[in-house]
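Asker: Please work out how this folds:
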Amino acid sequence: MMAATQDSNIHVPPKEVIERILSMELVRVTERAAVSAARWRGRGDEKAADQAAVDAMRRELNKLPIDGRIVIGEGERDEAPMLFIGEKVGNGSGPKVDIAVDPLEGTTLCAKDMPGAIAVMAMAPAGSLLYAPDVYMDKIAIGPGYAKGVVDLDATPIDNVQSLAKAKGVKPNEINVLILDRPRHAGLIEAVRSTGASVRLITDGDVAGVIFTAMQSFTGIDLYLGSGGAPEGVLAAAALRCVGGQMQGRLILDTQAKIDRARGMGVADPKRKYDMAELASDDVIVSATGVTDGALMHGVRFHGEVIETETIVYRSITGTVRRIHGEHRELAKFRLD
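Answerer: As a prediction, the model looks like this:
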């Protein structure tokens, strides 16, 4: 028997109805995390903001009709409260799914009330998202419209800029590259600038940074380069799969302890280069809600008895991108202690 959508005579298989319902439930998860984190905006307490987001996200995830497992999430590197890798979430009554989370991407941005902090998560059928430890990852990403192999993680930054410029039909000085502003990237920045390309530096937020490449006409970003967190890499790959583009990543397993931990999670080759579909495959749903105002969406806004949120939901199987404006009255009743 087929289930009908509420607003048309088009019939949709029950499985798809369930998936659509879950898509909307993920919005609720990131909305709650974003609102909880936003109550700590500008207070200078990164851990408290992160803890608030984690607690809210875990609480909402455990209400969902899923048999979920966190396959990549927050970890010990930043001594952050975590939705830990391997944690079971959901009420256990529904499909088995993989979940990648970053309850508060941009803890420093939130603590300083700077642009770009978001609450973000991805969900896919079990076995679809990279199961890996919370380590750093080397990344490269471009938006849609290019032949496969135009850029490559194993090529030099100079070669990648020149190859992308050729594919785009412009000179290298018309290429804009986004890089996290970190001391470890000093050589990378110098190499990119030596081609004539411009570099835009960001302090945090490399999930959004990768997505920027798929919005080049709006953001001006052609290429993302550099290393950042592996959770952010998987989340970015999941989002990019939904809107088009290319991405590669390689886990930075630079100690024996990290290699051993990764091997225990199924990573047999510590030097393996993953393409976008290996980082996030099958039918992926990504939900991201703004905590502070940013280029992707506005942040949480408190208006007395109403709290406003803006969320973007991506789905790979359809290529759909939805922007959802929420007005929350029940949440406005709760105040930060």
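Asker: from here on, contacts and neighbour counts on C-alpha atoms
Answerer: Fine.
Asker: The spatially most central residue of the chain and Met276, how far apart?
Answerer: For the chain, Leu235 is the residue whose C-alpha lies nearest the centre (CA atoms, centre = their mean; 3.3 Å). Distance, Leu235 to Met276, using CA to CA, to the nearest Å: 10 Å.
Asker: next structured bit after the strand or helix carrying Met247?
Answerer: Using DSSP states H and E, Met247 sits in strand 246-252. Per DSSP H and E, the first helix or strand lying C-terminal to strand 246-252 is helix 256-264.
Asker: Show me what that following helix is in contact with.
Answerer: Ala132, Pro133, Val135, Leu253, Ala268, Asp269, Pro270 (CA atoms under 8 Å, 6 or more residues apart in numbering).
Asker: can you redo the residues you listed as JSON lines with neighbour count?
Answerer: As requested, the contacts of helix 256-264 are arranged in JSON lines below (neighbours: other CA atoms under 10 Å):
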{"residue": "Ala132", "neighbour count": "22"}
{"residue": "Pro133", "neighbour count": "25"}
{"residue": "Val135", "neighbour count": "19"}
{"residue": "Leu253", "neighbour count": "18"}
{"residue": "Ala268", "neighbour count": "12"}
{"residue": "Asp269", "neighbour count": "11"}
{"residue": "Pro270", "neighbour count": "16"}
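Asker: The residues you listed in strands, which ones?
Answerer: Assigned to strands by DSSP state E, none of the contacts of helix 256-264 qualify.
Asker: Which member of the residues you listed is positioned nearest Val321?
Answerer: Nearest to Val321, judged by CA to CA, of the contacts of helix 256-264 is Ala132 at 27.1 Å.
Asker: surely the closest one meets Val71?
Answerer: Yes - with contact defined as CA atoms under 8 Å, Ala132 reaches Val71; the gap is 7.0 Å.
Asker: How about the contacts made by the residue nearest to Ser194 when sequence neighbours are not counted?
Answerer: Excluding its sequence neighbours, the residue lying closest to Ser194 (CA to CA, 6 or more residues apart in numbering) is Ile158, at 7.7 Å. Ile158 sits next to Ala191, Val192, Ser194, Thr195 when contact means CA under 8 Å, 6+ apart.
Asker: Also Ser128?
Answerer: Going by CA under 8 Å, 6+ apart, Ser128 touches Asp98, Leu279, Ala280, Ser281, Asp282.
Asker: what's the nearest residue to it if we skip its chain neighbours?
Answerer: Per CA to CA, 6+ apart, closest to Ser128 is Ser281, 4.9 Å.
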